[in-house]
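Colleague: my questions concern the predicted model and sequence given below.
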Amino acid sequence: MLIIKLVLKIINAILAFILAVAFASVYVPPAYLPYINALGLLVPVLLAFNIFFVILWLLCKDMYFLYSVMAIAVGWGQWTGVFSVGADKDTTDTPTLRLMTYNVMSFYGQDGRAGEQVSTSVNNTLDVYSPDVICFQEYRHFPDVNLSEWKYSYRDKNVALYSRYPIINKGSLSFDDTFNNAVYADVKLSAGDTVRVYCVHLESLEIRAGEVKALSTSHDLSNDVKGLWGRLNSGFITQGSQVKKVVESIKNSPYPVVVAGDFNNTPFSYSYHSVLQEGLKDAFREAGWGIGATFRDISYPLRIDHIMVDEMKFGVQSCDVLRKEKSSDHYPVFAVFTLK
């Protein structure tokens with residue numbers, strides 16, 4: 001029994017340390033300390049294990065629970081990145097802006113869907129939620145998707161922004177050596193206010209469902225994990241340089257900012273945190289509910305599609321992951337805001 005308890009304490013100490021490092025990694029540029037940012041992908045699992053150990057040692061009346069408590073405390077304020085309860089929902093004013101972000105996988109469809117099924121499903125989703133602004137990633141022109149109500153648009157590389165309201169200025173951040181990109185549009189709302197909307201698609205980490213599943217039966221697990229880990233690290237470094245351009249542009253915006261898109265990373269990443277700390281708030285953490293996973297291709301809960309708004313200028317009435325829309329390997333995210 002004593003040996004089992006000792007082994008559990010060693011495991012607990014290791015997992016508590018890794019969780020603390022994962023929480024702290026959001027402050028570390030990926031190029032400065034390789035591989036550490038990949039730990040952010042493990043936060044949901046690490047947090048669950050540490051909560052288990054807190055309960056276990058409390059039941060055993062053992063002060064060892066403090067190791068996990070201290071590790072969890074390092075992530076103070078980050079926990080709602082795992083599970084949101086929408087406690088700060090704003091219902092004081094009438095809606096000002098309805099926005100949707102959706103990585104559409106070029107409208108090629110998933111789960112055996114044909115082009116006609118994809119267009120019907122996407123058109124129905126747009127009709128039901130009726131966003132004022134749509135941010136598409138992995139976009140290609142697909143005439144069967146009816147965007148005639150959104151008369152104003154801007155596209156560069158694989159991202160496109162569509163708006164019901166006039167676009168009075170626009171620009172591209174022109175990410176280097178990639179099809180990924182970020183664009184912005186200054187949108188003049190019906191009430192006369194102007195907001196700057198960014199549509200962002202950061203570098204993919206190339207996490208493929210088949211590859212992850214194959215690890216369980218791998219004949220060369222060490223090399224397979226090393227290859228995956230190395231590719232993740234390379235993606236994080238590229239994202240770091242891309243998000244630097246996004247942050248610099250946000251700093252120079254003359255209008256309140258909305259940032260939406262596929263970050264290809266979770267709330268426990270340097271890229272997500274870098275944007276958030278520019279005076280923005282995560283719409284899902286403000287008014288969403290649950291885990292909010294947006295990537296469908298693997299069963300592990302990954303919330304990598306985000307909508308953020310100026311925390312001083314916007315209230316968040318709702319933010320939902322639209323799980324009935326299954327035309328892509330991502331779910332769309334839809335949010336409703338008020339402009340204060």
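Modeller: Alright, I've got the coordinates. Numbering: from 1, shown residues only.
Colleague: which stretches in the stretch 1-150 of the chain count as helices?
Modeller: Using DSSP state H, counting those that start in this stretch, the helices of the stretch 1-150 of the chain run over 2-24, 43-59, 65-74, 115-129.
Colleague: cool, the stretch 151-300 of the chain as well?
Modeller: Here the stretch 151-300 of the chain has its helices, by DSSP H, counting those that start in this stretch, at 209-214, 221-251, 270-276, 283-287.
Colleague: helices or strands next to the next helix-or-strand element following the last one in the packing?
Modeller: Yep, that's helix 283-287 we're talking about. Next helix or strand after helix 283-287 toward the C-terminus (DSSP states H and E): strand 305-310. Applying 3 or more C-beta pairs under 8 Å, 6 or more residues apart in numbering; DSSP states H and E, one finds that strand 305-310 makes contact with strand 97-103, strand 257-262, helix 270-276, strand 280-282, helix 283-287, strand 333-339. The way it works is simple: take the backbone N, C-alpha and C, and place the C-beta from them, glycine included.
Colleague: and the first one, what does it pack onto?
Modeller: By that I understand strand 97-103. helix 115-129, strand 133-137, strand 194-201, strand 257-262, strand 305-310, strand 333-339.
Colleague: ranking these by burial, who's on top?
Modeller: strand 133-137 (a mean of 28; mean count of other C-beta atoms under 10 Å).
Colleague: listing partners with orientation, what would you give for that one?
Modeller: strand 97-103 (parallel), strand 159-163 (antiparallel) (DSSP bridges).
Colleague: returning to what we had before: nearest to Asp320, of the helices and strands packed on strand 305-310?
Modeller: Nearest to Asp320, of all the helices and strands packed on strand 305-310, is strand 333-339, at 5.4 Å by C-beta to C-beta.
Colleague: between strand 305-310 and the closest one, find me the angle.
Modeller: Interaxial angle of strand 333-339 relative to strand 305-310 (axes from the mean of the first three to the mean of the last three C-alpha atoms, to 10 degrees): 10 degrees.
Colleague: tell me the strands beside strand 333-339, with direction?
Modeller: As assigned by DSSP bridges, strand 333-339 forms pairs with strand 97-103 (antiparallel), strand 314-321 (antiparallel).
Colleague: check those for me and report the most buried one.
Modeller: strand 97-103 (a mean of 25).
Colleague: contacts for that strand?
Modeller: 126, 129-138, 189, 195, 197, 199, 201, 258, 260-262, 305-307, 314, 325, 328-330, 332-337, 339 (C-beta atoms under 8 Å, 6 or more residues apart in numbering).
Colleague: might one say that Ser106 is in contact with Glu138?
Modeller: Yes. Assessed by C-beta atoms under 8 Å, Ser106 is found in contact with Glu138 at 5.2 Å.
Colleague: backbone phi and psi for the most centrally placed residue in the chain, please?
Modeller: The chain has Ile304 as the residue nearest its centroid, 2.7 Å off, counting by C-alpha atoms, centre = their mean. When read as degrees, to the nearest 10, the backbone of Ile304 gives phi -120, psi 0.
Colleague: how much space between it and Gly81?
Modeller: According to C-beta to C-beta, to the nearest Å, Ile304 and Gly81 sit 12 Å apart.
Colleague: where do the contact lists of the two overlap?
Modeller: Thr266.
Colleague: surely Asp88 and Val316 touch.
Modeller: Yes. If you go by C-beta under 8 Å, Asp88 and Val316 touch, sitting 7.3 Å apart.
Colleague: overlap of the contact sets of these two?
Modeller: Contacts common to Asp88 and Val316, judged by C-beta under 8 Å, 6+ apart, are 286-287.
Colleague: mean confidence for stretch 245-264?
Modeller: Stretch 245-264 shows a mean pLDDT of 97.
Colleague: for that stretch, C-alpha coordinates in PDB please.
Modeller: Extracted C-alpha coordinates of stretch 245-264, given in PDB (Å, rounded to 0.1, in the frame of the first residue of the first chain):
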ATOM      1  CA  LYS A 245       1.500  40.800 -37.500                       C
ATOM      2  CA  VAL A 246      -2.100  40.500 -36.200                       C
ATOM      3  CA  VAL A 247      -1.200  42.200 -32.800                       C
ATOM      4  CA  GLU A 248       0.700  45.000 -34.500                       C
ATOM      5  CA  SER A 249      -2.300  45.700 -36.700                       C
ATOM      6  CA  ILE A 250      -4.700  45.600 -33.800                       C
ATOM      7  CA  LYS A 251      -2.500  48.200 -31.900                       C
ATOM      8  CA  ASN A 252      -2.900  50.600 -34.900                       C
ATOM      9  CA  SER A 253      -6.600  50.100 -35.400                       C
ATOM     10  CA  PRO A 254      -8.600  53.400 -35.200                       C
ATOM     11  CA  TYR A 255     -11.800  51.500 -34.400                       C
ATOM     12  CA  PRO A 256     -13.000  48.900 -31.900                       C
ATOM     13  CA  VAL A 257     -11.800  45.500 -32.900                       C
ATOM     14  CA  VAL A 258     -13.300  42.100 -33.500                       C
ATOM     15  CA  VAL A 259     -11.000  39.200 -34.300                       C
ATOM     16  CA  ALA A 260     -12.500  36.000 -35.600                       C
ATOM     17  CA  GLY A 261     -11.200  32.900 -37.300                       C
ATOM     18  CA  ASP A 262      -9.400  29.600 -37.200                       C
ATOM     19  CA  PHE A 263      -6.400  30.100 -34.900                       C
ATOM     20  CA  ASN A 264      -5.400  26.400 -35.200                       C
END
